[in-house]
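Asks: sharing a sequence plus its predicted fold:
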Amino acid sequence: MVRTSHLIDEERWDEWGSVLSEGFVYELCAYSTELRKEMSWLVLRGREQLLARLAQLSHHHRDMATRLHLVTPVDVTQVDERATAVSNFSVFRTTAAGDTTLYVVGRYHDELVRAGSQWLFGRRTVRLHTRIMDGAAGHLPI
Amino acid sequence: MNELRPSEGRVSQRDRPNLPETHYVANSIYTDPGAFDAEQEHIFRRVWLFVCHESEVANPGDFRTTSVAGAPIVVCRDTQSTVRAFYNVCRHRGAQVVREEAGSAKSFRCFYHLWVYGLDGHLQAYPLPEGYKPETGFCARDFGLQEVRVESVHGLVFVCPDPQAAPLAEYLRPEVVDALAGPLGSQPLEVFHFHRVRLKANWKLWRDNSDEFYHNPLHHANRDSGPGNVRSDVQPRWRIYRHGHHIFGDPARTNMNYQAGGIAGLDEYPFPTAAKGGSMMVRIFPDFLLSLRSNVVRIDRMVPIAPGLTLVEHRGLGLAGDAPEVRARRLESHNYFWGPAGWNLAEDIQAVELQQVMLESGVLPWGLWARDADSPGNTGDENSRDFYRVWTARTGIQANDGPGILDNGSDR
């Protein structure tokens, strides 16, 4: 989980893709206290769709800051060839000038599947606690 | 791209532009605390301001808190199902009465000294009442929550802090009310998305960004709004109405080419009276920004905090009772463009925040609104010129002079 966060921080998308199952689902969601509803902010179905989106990043005006994930120890539950993992995270954003701010905090709910000798991510649900967003880092996966 | 002609050194960036006065603004209007105060006093405390959609207070007892011109407001639906609004301040000692963002209640109880107000704002109960002697003139009915004017049109709830202001329908003008009727008023809607951005920029820059389409094919390259993706046979212009309200497009006409944008199908299940690929923008002065893209509606409102800081509220709307597959498509469409992880929103935020940094440096006293109304690709500035005309009339500050412009070293 920590290694995955490093891959995301360093934007090593191909390496990240290598630990995702073909049917990997990435969802960014939050609960709105204003609407009293669950909200889905982004759903990407399939590893290829995720990687295709990340490949588009260079065509867009993207946030120039770097990001750093801090991930807590993971609560893992394994049942046979599947596992779920829950961890808290915070993401810090550092501008080129070196100014660091806390960007978002939340919790990962990961589902993993065994593929031979390797565990792959089958699904990542990013549940954000932060809902007032600072700046424009929205293009990058959390 | 056209070649630039040399200026022969005659015009510096600090010179007043040699243009009609309507075609440029002083950039100090985005940074000056005096201008900010004037806006709060003469605009945000004087006009009707969108605060929420009726579906956010759908049932009797439902409430929603917000703020208007720095004042805390609670909007609720009373027992008679009437939408009401009050200043969210206890009449006793000034504590915040309703502390949640939203909820449902039979009454509002201040957590400090437990004064209780009905959904109609009346003071219903207060502990140890014998401490208030009638001979002092104390009367409970004098101390209800202060009501704020509230009216709705096609589900959009507006409040107005000014008791002397004209009614909402008069302020909006019939053309705006009529334009909203089809997409927003013909079927019940609901808000499915809400988030806020702490925008480190003046609120007008966000409005400017939403109003000018010049940046769309340039800044947002390779998207549906990019060059060649807007149908060339559809060239609507902004329609400009009194009080600074503007409308662009007609949702019933297909004017966006999702196929060319590589996102075919994202426009399925269009809104009532809208066509696939149809769009409409509605701007209600000063801060209401509605965008309809075929199957989804986005509404922005702004809470100005300081000259360089704005809380922007983003809402996404669909039809109440959408089938799951329909809602999923609306959500996909909304999130693709406008969600917190969407392509367009993040790019606009970056541009506007960097603008603010540059404008605060004071090196560029003037900004341009000089594009002709008939500019290709709907990139004219006539709507922004009208916005600043109304802004000038309201604030009493000439937008093209601006506060403090002489102090910036202009050699006009």
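Replies: Happy to help now that I have it.

Asks: ok, which stretches of the stretch 301-412 of chain B are strands?
Replies: All strands of the stretch 301-412 of chain B, identified by DSSP state E, counting those that start in this stretch, fall at B:309-319, B:366-368.

Asks: please read the previous query as pertaining to chain A.
Replies: Counting by DSSP state E, residue ranges of the strands within chain A are A:20-32, A:37-45, A:66-71, A:75-79, A:82-94, A:100-115, A:118-128, A:132-134.

Asks: reformat the ones you listed as TSV; add mean neighbour count.
Replies: Bear in mind the C-beta positions are built from the backbone N, C-alpha and C, glycine included. Below are the strands of chain A laid out as TSV (neighbours: other CB atoms under 10 Å in any protein chain shown):
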stretch	mean neighbour count
strand A:20-32	18
strand A:37-45	18
strand A:66-71	16
strand A:75-79	10
strand A:82-94	17
strand A:100-115	17
strand A:118-128	19
strand A:132-134	17
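
Asks: which of the strands of the stretch 301-412 of chain B sits closest to chain A?
Replies: Among the strands of the stretch 301-412 of chain B, strand B:309-319 comes nearest to chain A, with 7.5 Å by CB to the nearest CB.

Asks: where are the low-confidence patches of the chain?
Replies: In the absence of a named chain, chain A is used. Counting by pLDDT under 70, chain A contains low-confidence ranges at A:136-137.

Asks: think we crossed wires, I meant chain B
Replies: Filtered on pLDDT under 70, chain B yields the residue ranges B:1-11, B:221-235, B:404-412.

Asks: distance of the residue lying farthest from the centre of it from B:Leu345?
Replies: Residue farthest from the centre of chain B, counting by CA atoms, centre = their mean, is B:Glu135 at 48.3 Å. Using CB to CB, to the nearest Å, one gets 60 Å for the distance from B:Glu135 to B:Leu345.

Asks: run a quick neighbour tally on the residue of the stretch 1-150 of chain B found nearest chain A.
Replies: Nearest to chain A, among the residues of the stretch 1-150 of chain B, is B:Glu101, at 4.5 Å (CB to the nearest CB). Per other CB atoms under 10 Å in any protein chain shown, the neighbour tally for B:Glu101 reads 16.

Asks: now the one 4 residues further on
Replies: By other CB under 10 Å, 15 other residues sit near B:Ala105.

Asks: likewise for B:Arg330?
Replies: Residues contacting B:Arg330 under the criterion other CB under 10 Å number 26.

Asks: let me see the contact set for it.
Replies: With contact set as CB atoms under 8 Å, 6 or more residues apart in numbering or on different chains, B:Arg330 has these partners: B:Phe192, B:Tyr269, B:Asn295, B:Val296, B:Gly316, B:Gly318, B:Asp322.

Asks: so which of those reach chain A?
Replies: B:Phe192 (CB under 8 Å from any CB of the partner chain).

Asks: can I get the contacts of B:Arg330 in a markdown table with distance to B:Glu170 and neighbour count?
Replies: Below are those laid out as a markdown table (distance: CB to CB, whole Å; neighbours: other CB atoms under 10 Å in any protein chain shown):
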| residue | distance to B:Glu170 | neighbour count |
| --- | --- | --- |
| B:Phe192 | 32 | 24 |
| B:Tyr269 | 35 | 20 |
| B:Asn295 | 32 | 25 |
| B:Val296 | 30 | 29 |
| B:Gly316 | 29 | 23 |
| B:Gly318 | 30 | 23 |
| B:Asp322 | 34 | 18 |
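
Asks: would you mind listing what in the stretch 301-412 of chain B touches chain A?
Replies: Near chain A, when you scan the stretch 301-412 of chain B using CB under 8 Å from any CB, you find B:311, B:331-332, B:335, B:339-343, B:345-351, B:353.
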